[in-house]
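[1] Just a sequence and a predicted model for now, questions to come.
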Amino acid sequence: MKPPISTIGPMPMASPSPTGPVMSQTTPGTPTHCPYCALQCGMRLTAAGAGAGGRPVLTVTPRADVPANGGGLCQKGWTAAELLTAPDRLTTPLLREHRDAPLRPAGWDEALDFAAARIREIQAAHGTDAVAVFGGGGLTNEKAYLLGKFARVALRTGQIDYNGRFCMSSAAAASNRAFGLDRGLPFPVTDVARADAILLVGGNLAETMPPFVRHLAAMRQAGGRLIVVDPRRTPTAALADLHLQITPGTDLALALGLLHIAIAEGLVDTGYIERRTTGFAAVRTSVSAWWPERAERVTGVPASRMREAVRTLAAARNAMILTARGAEQHAKGTDTATAFINLALALGLPGRPGSGYGCVTGQGNGQGGREHGQKADQLPGYRRLDDPAARAHVARVWGVDPDDLPGPGRSAYELLEALGTPHGPKAMLLFGSNPVVSAPRAGLVADRIAALDLLVVTDLVLSETAALADVVLPATQWAEETGTLTNLEGRVLLRRRAAPPPPGVRGDLAVISGLARRLGQDPAAFPEDPRAVFDELRRASAGGIADYSGITYERIEAEGGVFWPCPSEDHPGTPRPFLDRFATPDGRARFVPVEHRAPAEDLDERYPVYLTTGRVLAQYQSGAQTRRVAALNEAAPEAYVEIHPDLAERLGIAAGERVRVTSRRGTAEGVARISTAIRSDTVFMPFHWAGEGRANLLTNPALDPTSRMPEFKVCAVRVERIPGAAA
Ligand SMILES: Nc1nc2c(c(=O)[nH]1)N[C@H]1C(S)=C(S)[C@@H](COP(=O)(O)OP(=O)(O)OC[C@H]3O[C@@H](n4cnc5c(=O)[nH]c(N)nc54)[C@H](O)[C@@H]3O)O[C@H]1N2
Ligand SMILES: Nc1nc2c(c(=O)[nH]1)N[C@H]1C(S)=C(S)[C@@H](COP(=O)(O)OP(=O)(O)OC[C@H]3O[C@@H](n4cnc5c(=O)[nH]c(N)nc54)[C@H](O)[C@@H]3O)O[C@H]1N2
Ligand code: SF4
Ligand SMILES: [Mo]
């Protein structure tokens, strides 16, 4: 067996708490983390001989020393190394000089020179904001940081945002409002096993983070109870002691009804409310009219079940409320997350070990990706771009005049919608997202992208969006580069290089650096070396909310990860930031009154069925990666529409038939899956496929007023059998 190739030396012996068992130095392979979701399961990569072109073939084994997965992996993790040797992986830049010419192979200098020259031309003609940047929550902290700096310093554009806006922005906004700080889980994920009751709202962890189920199972084994809120009896809901099968888009009414019950039955923790919060009186008044029978009428959840849920949470010594995309991806997602935070505060949960409110973050670096400046309104360290002190600090680190930093730009969907319009950007540089498949109202988004004068996409594969680009740059993959990611519990982790990239491929940092140099920037200000970028990120984040200044690669290795905030090298990191105080000026959490409203688009005669969308176990996001892994594609080969038998009968649809789903924005197709697991007023489509099966041709881009999150989780559709279509 070949020794591991690691850029940062061998694993240390000791692995102090709270990270679990010590790892032996003799374990073969490179210890690292999965390329996909925010659980960031620990795995080892071992070279197992040579494959095509003499490149090492890596095998994956799970790590037991990483508490998040404790030796488990899902099918995506097990097969993650396969994409490294995918036959259609990009290994050379591609270029087209004219929008109607086909893409052809090009050299790196040629491609980067072309991109930089076009950027200069477009900015000279239309101003700096004519060039937009779109990033991703899967990018490492180093990449997200350098991309934000590149936009503000090299391009001097305010037009930068990223796909995290589609992911957790509503819960982030709600947490900032209530706690003064947004760290998805403000506690280690292993705290889940210490709870006696958990209310999981709109999360299907058994499919989206399968090893997370270990923590839920440990909780239940110790006598704890799991309550799941989902319009579908998912594999996760099937594990629950209580399933509230809610009407899509009505979680806010449910939360108001639950709090009403807690107050009416005298179950609130008045001592905690007095000591640790402000604003309860207004919230108490705001839920007074949400008696359970009214909430039942709106949500479809029986009042008796609501009572049972509240009593279970209130009786627990430790309890948690967790929200995920089902509750958050709505035009009222921020208020919905707020309503569940209000409930958690009333029950006295946040800031107590083993209890609390958390948002289950999604992408690999969904947490770190939202902290270091690829967001339209943000500077590194979770600083605000409109805060003069923040601008001054970051400008000093960057060696620029604070007045030269642009102001906040458009949010992700608003940016995509503006592309190629008279007042919108004419060019876009895209890293780590595939919006032609994943953005709401994807038909319009694809048209807007096609209307650009210049699209530059850096990707591993020719994604559906990369196929529209003028310049495509082939990127290294996770196992071929080193960088940090911050997982769902706010723990900063290190992914290590385990193998060399194929010839012709470069990292995102090298792409950003190469473009910056061609735009006249000092190469020293845009280094390619992740460690150099991380050291600058540490300084830029110092004193901010997400303070990484005390975190080093060495500490991450030695300690198995470090929780932020970590303001100095002798600071232990902060696994549970709210134990003594919240991050608000007075140290108290804020109750915020919120009101329920109907989905942005409700049912009518022409569109009489709700559509909700989400994920399946074997596919990841836009599918650009997982559709290229044979075992995953076999497990989940095609788009489908989940339909209740009563609805199917009414519509004359049989299992396995092709059906057409139509909304006000477009039409998509899929195979009918008839199942009693879904409500009879709702159909479900996963969004992982392109072409006719693209669920986002249907979805509603109605945005949350605070977070600018689109309403992925509910719109009105019509469902029909496709006449003559073969079964
Ligand atoms: N296999 C797999 N795993 C993934 C991903 C993936 O693409 N594939 N992506 C990762 C990412 S980026 C994310 S963000 C996470 C997402 O993780 P989850 O939030 O668990 O995933 P979703 O399937 O989007 O939505 C969860 C559930 O919300 C339900 N739901 C739909 N509408 C509503 C509603 O109105 N109210 C409520 N209460 N529930 C509703 C759906 O039926 C679904 O079961 O997963 C991560 N893990
Ligand atoms: N209908 C519906 N739509 C949704 C959702 C939903 O629930 N329903 N969920 C939304 C959510 S939560 C999310 S997070 C988005 C995600 O949707 P996308 O933003 O499209 O996410 P991915 O498919 O992960 O896209 C990542 C792209 O970057 C490439 N890539 C991977 N790693 C790297 C890297 O290191 N560098 C570079 N340059 N490229 C890389 C991949 O090959 C892929 O093409 O989808 C959103 N869309
Ligand atoms: S749960 Fe997420 S991090 Fe873990 S193996 Fe699966 S995709 Fe990877
Ligand atoms: Mo996400």
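    Done, it's in. Numbering: from 1, shown residues only. Ligands and ions are numbered 1, 2, ... in the order given.
[2] shouldn't residue 495 be in contact with residue 478?
    Yes: A contact is recorded between residue 495 and residue 478 when judged using CB atoms under 8 Å, the distance being 5.7 Å. Using the backbone N, CA and C atoms, a C-beta is placed for each residue, glycine as well.
[3] Which one of these two is surrounded by more residues?
    The residue with more neighbours, out of residue 495 and residue 478 and counting by other CB atoms under 10 Å, is residue 478; that gives 26 against 23.
[4] and the helix or strand hosting residue 228, which strands flank it?
    Residue 228 belongs to strand 225-229 when assigned by DSSP states H and E. Using DSSP bridges, strand 225-229 pairs in its sheet with strand 197-201 (parallel), strand 242-244 (parallel).
[5] Mean pLDDT and mean neighbour count added to these, as CSV?
    CSV is the format used below for the strands paired with strand 225-229 (pLDDT from 0 to 100; neighbours: other CB atoms under 10 Å):
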stretch, mean pLDDT, mean neighbour count
strand 197-201, 98, 27
strand 242-244, 98, 20
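[6] And those: which comes nearest residue 285?
    For these, proximity to residue 285 was assessed by CB to CB; strand 197-201 is nearest, at 23.4 Å.
[7] Can you list the low-confidence ranges for the stretch 401-550 of the chain?
    Of all residues in the stretch 401-550 of the chain, none has pLDDT under 70.
[8] What ranges does it have for its strands?
    Taking DSSP state E, counting those that start in this stretch as the criterion, the stretch 401-550 of the chain contains strands spanning 427-431, 454-459, 471-474, 483-486, 491-495.
[9] Check which helices and strands the first one sits against.
    Using 3 or more CB pairs under 8 Å, 6 or more residues apart in numbering; DSSP states H and E as the contact criterion, the secondary-structure elements in contact with strand 427-431 are helix 108-126, strand 131-135, strand 454-459, helix 508-518.
[10] Output those as JSON lines; include the columns distance to ligand 4.
    Rendered in JSON lines, the data for the helices and strands packed on strand 427-431 read as follows (distance: least, CB to the ion, whole Å):
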{"stretch": "helix 108-126", "distance to ligand 4": "28"}
{"stretch": "strand 131-135", "distance to ligand 4": "13"}
{"stretch": "strand 454-459", "distance to ligand 4": "18"}
{"stretch": "helix 508-518", "distance to ligand 4": "19"}
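[11] Redo those as CSV? Include mean neighbour count and distance to residue 647.
    Compiled in CSV, the helices and strands packed on strand 427-431 are given as follows (neighbours: other CB atoms under 10 Å; distance: least, CB to CB, whole Å):
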stretch, mean neighbour count, distance to residue 647
helix 108-126, 17, 49
strand 131-135, 28, 37
strand 454-459, 25, 38
helix 508-518, 23, 45
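[12] In contact with the residue of the stretch 251-400 of the chain found nearest ligand 3, which residues?
    Nearest residue of the stretch 251-400 of the chain to ligand 3, counting by CB to the nearest ligand atom: residue 364, 7.2 Å away. Remark: with contacts taken as CB atoms under 8 Å, 6 or more residues apart in numbering, residue 364 is in contact with 33, 34, 35, 36, 37, 38, 40, 137, 138, 485.
[13] Count the neighbours of the closest residue to residue 171 other than its chain neighbours for me.
    Distance criterion CB to CB, 6 or more residues apart in numbering; nearest residue to residue 171, sequence neighbours excluded, is residue 359 at 3.4 Å. For residue 359, the tally of surrounding residues (other CB under 10 Å) stands at 32.
[14] Looks like residue 359 contacts residue 321 (just checking).
    No: contact between residue 359 and residue 321 fails when scored by CB under 8 Å: they sit 10.0 Å apart.
[15] any residues in contact with both of these two?
    Residues within reach of residue 359 and of residue 321 at once, by CB under 8 Å, 6+ apart: there are none.
[16] how near is the residue of the stretch 251-400 of the chain closest to ligand 3 to ligand 1?
    Counting by CB to the nearest ligand atom, to the nearest Å, the gap between residue 364 and ligand 1 amounts to 8 Å.
[17] Could you measure from that residue over to ligand 2?
    Separation of residue 364 from ligand 2 (CB to the nearest ligand atom) stands at 8 Å.
[18] and that residue, backbone torsions?
    According to degrees, to the nearest 10, the main-chain angles of residue 364 amount to phi -50, psi -50.
[19] From residue 98, how far off is it?
    With the distance defined as CB to CB, to the nearest Å, residue 364 ends up 36 Å from residue 98.
[20] just residue 392 next, same as before
    Residue 392 is 44 Å from residue 98, by CB to CB.
[21] Name the residue in those two with the higher neighbour count.
    The residue with more neighbours, out of residue 392 and residue 98, is residue 392; 12 against 7, by other CB under 10 Å.
[22] wait, is that one part of a helix?
    Yes: Residue 392: assigned to a helix according to DSSP: H, G, I helix; E, B strand; the rest coil.
[23] Might you report the residue contacts of whatever residue of the stretch 51-200 of the chain ends up closest to ligand 1?
    When distances are taken as CB to the nearest ligand atom, the stretch 51-200 of the chain approaches ligand 1 most closely through residue 167, which lies 4.6 Å from it. Taking CB under 8 Å, 6+ apart, we find residue 167 in contact with 137, 325, 361, 362, 363, 366.
[24] Inside helices: which ones of those?
    Applying DSSP state H to these, the entries found in helices are residue 325.
[25] Taking the contacts of residue 167 together, which two end up most distant?
    Counting by CB to CB, the most remote pair of those is 137 and 325, 12.6 Å apart.
[26] you'd agree residue 229 is up against residue 254?
    Yes: counting by CB under 8 Å, residue 254 is a contact partner of residue 229 at 6.7 Å.
[27] Pull the contacting residues for the closest residue to residue 578 other than its chain neighbours.
    Using CB to CB, 6+ apart and skipping residues adjacent in sequence, the residue nearest residue 578 is residue 351, 3.7 Å away. Under the criterion of CB under 8 Å, 6+ apart, the neighbours of residue 351 are 276, 576, 578, 579, 580, 582, 589.
[28] ChimeraX command for the buried members of those?
    Paste this into ChimeraX to select the buried members of the contacts of residue 351, with burial taken from 16 or more other CB atoms under 10 Å:
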select :276,576,578,582,589
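[29] Dump the contacts of residue 351 to a markdown table, plus distance to residue 29 and pLDDT.
    Below are those laid out as a markdown table (distance: CB to CB, whole Å; pLDDT from 0 to 100):
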| residue | distance to residue 29 | pLDDT |
| --- | --- | --- |
| 276 | 46 | 98 |
| 576 | 32 | 98 |
| 578 | 37 | 98 |
| 579 | 37 | 98 |
| 580 | 41 | 97 |
| 582 | 42 | 98 |
| 589 | 44 | 98 |
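[30] now the residue of the stretch 201-350 of the chain found nearest ligand 3: how far from residue 70?
    Of all residues in the stretch 201-350 of the chain, residue 209 sits closest to ligand 3, at 4.6 Å by CB to the nearest ligand atom. Taking CB to CB as the criterion, residue 209 is separated from residue 70 by 13 Å.
[31] Fine by me, we can end here.
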